[in-house]
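Participant: Structure of the sequence below:
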Amino acid sequence: MLMEMSHNKPFSRRKFVSVGLSATLVVLVITAIVIQIFEALEIDFFIHLFTVIHIFTGLTFTVLSVLHTMLNWQLLRGYFQTRRLGVRRETIGALLLTLVTILTAVLFVCLVMD
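Facilitator: Predicted coordinates:
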């Protein structure tokens, strides 16, 4: 079955970026797992291959993330502030989750991998 392209609607940058982010995220997760497996098996060629794929996909993900931010700036700005409270609880929660993730990674490296 061939996919049909719709020529009736104009190209949607938002849809392109959203699908691109989703696809690259899947590749990043898979390559990260595969890299760990091949490191455990000590297969150098595949470690190198999947590391390069992971790096290039990560760069693409970064570019798409910047485009996503630019295309959705007004909406994202609304997430960060309200008129009365200044900063939304969801924003504080997301930032705290990010901070906890970074601290967990640092502690893991310092305590477990030392």
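
Participant: Could you report the neighbour count for the closest residue to Arg14 other than its chain neighbours?
Facilitator: Closest residue to Arg14 apart from its sequence neighbours, by Cβ to Cβ, 6 or more residues apart in numbering: Leu71 at 5.4 Å. In short, each C-beta sits where N, CA and C put it, glycine included. For Leu71, the number of neighbouring residues by other Cβ atoms under 10 Å comes to 16.

Participant: try Phe50
Facilitator: With other Cβ under 10 Å as criterion, Phe50 counts 21.

Participant: Likewise for the one 5 residues further on?
Facilitator: Ile55 sits with 12 neighbouring residues when counted by other Cβ under 10 Å.

Participant: ok, now how distant is it from Gly20?
Facilitator: Taking Cβ to Cβ, to the nearest Å as the measure, Ile55 falls 17 Å from Gly20.

Participant: didn't His68 look like it was pressed against Phe16?
Facilitator: No: look at His68 against Phe16 with Cβ atoms under 8 Å: they stay out of range, at 10.2 Å.

Participant: who has more neighbours, those two?
Facilitator: Per other Cβ under 10 Å, whichever of His68 and Phe16 has more neighbours is His68, with 17 against 13.

Participant: Quickly note the distance from the more buried one to Leu96.
Facilitator: Taking Cβ to Cβ, one finds His68 at 22 Å from Leu96.

Participant: starting at the chain centroid, how far to the helix-or-strand element of the chain with minimal mean pLDDT?
Facilitator: Least confident helix or strand of the chain, by mean pLDDT, DSSP states H and E, is helix 73-80 with a mean of 81. Here the centre of helix 73-80 is set off from its chain's centre by 19 Å, with Cα atoms, centre = their mean, to the nearest Å.
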